[in-house]
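Participant: structure, please.
(one chain, ligands or ions: 1)
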Amino acid sequence: MQESQNPIIELRQVSKQFGQQHVLNALDLAVPRNEVSVIIGRSGGGKSVLLKHIIGLLKPDSGAVFVDGEDIVSLGNRGLSRVRRKFGMLFQEAALFDSMTVFENVAFPLREHTRKSRSEIKDIVEDKLSSVGLKGMGYKMPSELSGGMRKRVGLARAMALEPQIVLFDEPTSGLDPVMSAAINELIVRTQAEFGATCVVISHDIQSTMATAHNVFMLYEGRIVASGPPTSIRDHSDPIVQQFIHGRAEGPIQVT
Ligand SMILES: Nc1ncnc2c1ncn2[C@@H]1O[C@H](COP(=O)(O)OP(=O)(O)OP(=O)(O)O)[C@@H](O)[C@H]1O
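Facilitator: Just a heads-up that it's a prediction; the model follows:
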């Protein structure tokens, strides 16, 4: 099989429980390369736990996690930090350093992880800021920015090391529809321009349908449906239908 056909992230039979609570239940997931994949599911359904397994912040009780063909479950700290270099991550609240300027925030991973010169770093930071529509904004402090702008700075920082995979944790939560559309466009553009694999965690169905090449629905610790947005929209499973149409009535119990 050609490398391009191998999934970039693969979870095989991954189970994880906290106390008596089974969060992941023999979960299988294969994320294709160089596409936008969106993982949807209920609040508290285990999406963040799944994400933490992908970057090795949590280890499964059983099962295997492969990143770029490498089983990461048995890796120690050194191996994990090497693997994590393949990832950029945009956290829910952008997680900027409030005491640093926008420029310093984006420059941070370059200073931490590379030996690039000041002028090289300056060029990269300016390039990343302009690719997220924030050209010339490097001197601002995060507190001076809107929520959407902060997310864009977060994305510029996540892209600074030109990662193979960018993880987005609820990128549109708390944003108005216009700003959500702008962020969605940015995700699609990030994928297309950088050829990155984008993995998005979301319960924003409209954004999912607009951005995803592939949708995976997580329910009761397993992926219960996967495929392109159209196939998810027309899926026959009543659980999928209830979730994507946001109905209170149906097999999913509101607790
Ligand atoms: N370290 C932990 N210890 C104990 N329980 C945990 C831990 N991490 C997560 N959980 C539990 O696992 C379940 C899934 O949590 P998770 O944060 O993955 O949900 P989620 O799908 O990301 O939710 P949301 O959409 O609301 O962010 C929750 O019930 C949570 O309390």
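Participant: so where's this protein shaky on pLDDT?
Facilitator: Scanning the chain with the threshold set as pLDDT under 70 gives 1-4, 93-94, 255.
Participant: for the ligand, what are the nearby residues on it?
Facilitator: By Cβ under 6 Å from any ligand atom, the part of the chain that sits against the ligand consists of Phe18, Val23, Gly41, Ser43, Gly44, Gly45, Gly46, Lys47, Ser48, Val49, His203. Heads up, the C-betas are built off the backbone N, CA and C, glycines and all.
Participant: tell me who's in contact with the nearest residue to Val49 once chain neighbours are set aside.
Facilitator: Spatially, and ignoring its direct neighbours in sequence, Val49 is nearest to Val23 (5.0 Å; Cβ to Cβ, 6 or more residues apart in numbering). Val23 makes contact with Lys16, Gln17, Gly46, Val49, Gly221 under the criterion Cβ atoms under 8 Å, 6 or more residues apart in numbering.
Participant: I'd say the fourth one and Leu24 touch.
Facilitator: Yes: the pair Val49 and Leu24 passes the contact test of Cβ atoms under 8 Å, sitting 6.4 Å apart.
Participant: the more surrounded of those two?
Facilitator: Per other Cβ atoms under 10 Å, whichever of Val49 and Leu24 has more neighbours is Leu24, with 25 against 20.
Participant: what about the helices in the stretch 51-200 of the chain?
Facilitator: All helices of the stretch 51-200 of the chain, identified by DSSP state H, counting those that start in this stretch, fall at 77-84, 102-113, 118-131, 147-159, 177-194.
Participant: could you point out which of those helices sits nearest Asn34?
Facilitator: Asn34 sits nearest to helix 177-194 of all those, at 7.2 Å, using Cβ to Cβ.
Participant: what inclination does that closest one have with respect to helix 147-159?
Facilitator: On the basis of axes from the mean of the first three to the mean of the last three Cα atoms, to 10 degrees, helix 177-194 is oriented at 20 degrees to helix 147-159.
Participant: which secondary structure elements does helix 177-194 sit against?
Facilitator: The contact analysis (3 or more Cβ pairs under 8 Å, 6 or more residues apart in numbering; DSSP states H and E) places helix 177-194 against strand 36-41, helix 147-159, strand 197-202, helix 205-211.
Participant: about what we covered before: out of the contacts of Val23, which end up buried?
Facilitator: Buried subset of the contacts of Val23 (neighbour count, 16 or more other Cβ atoms under 10 Å): Lys16, Gly46, Val49, Gly221.
Participant: now the two most distant members of those residues.
Facilitator: Val49 and Gly221 (9.3 Å).
Participant: any shared contact partners between those two?
Facilitator: Here Val49 and Gly221 share the contacting residues Val23, Leu24, scored by Cβ under 8 Å, 6+ apart.
Participant: what residues are up against the one residue in the stretch 51-200 of the chain that gets nearest to the ligand?
Facilitator: Using Cβ to the nearest ligand atom, Glu170 is the residue of the stretch 51-200 of the chain that sits closest to the ligand, at 6.7 Å. By Cβ under 8 Å, 6+ apart, Glu170 lies in contact with Gln92, Ile201, Ser202, His203, Asp204.
Participant: before we move on, what about Asp68?
Facilitator: Residues near Asp68 by Cβ under 8 Å, 6+ apart: Ile8, Val83, Lys86, Gln164.
Participant: any chance of those in CSV, with neighbour count too?
Facilitator: As requested, these are exported to CSV (neighbours: other Cβ atoms under 10 Å):
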residue, neighbour count
Ile8, 23
Val83, 18
Lys86, 17
Gln164, 18
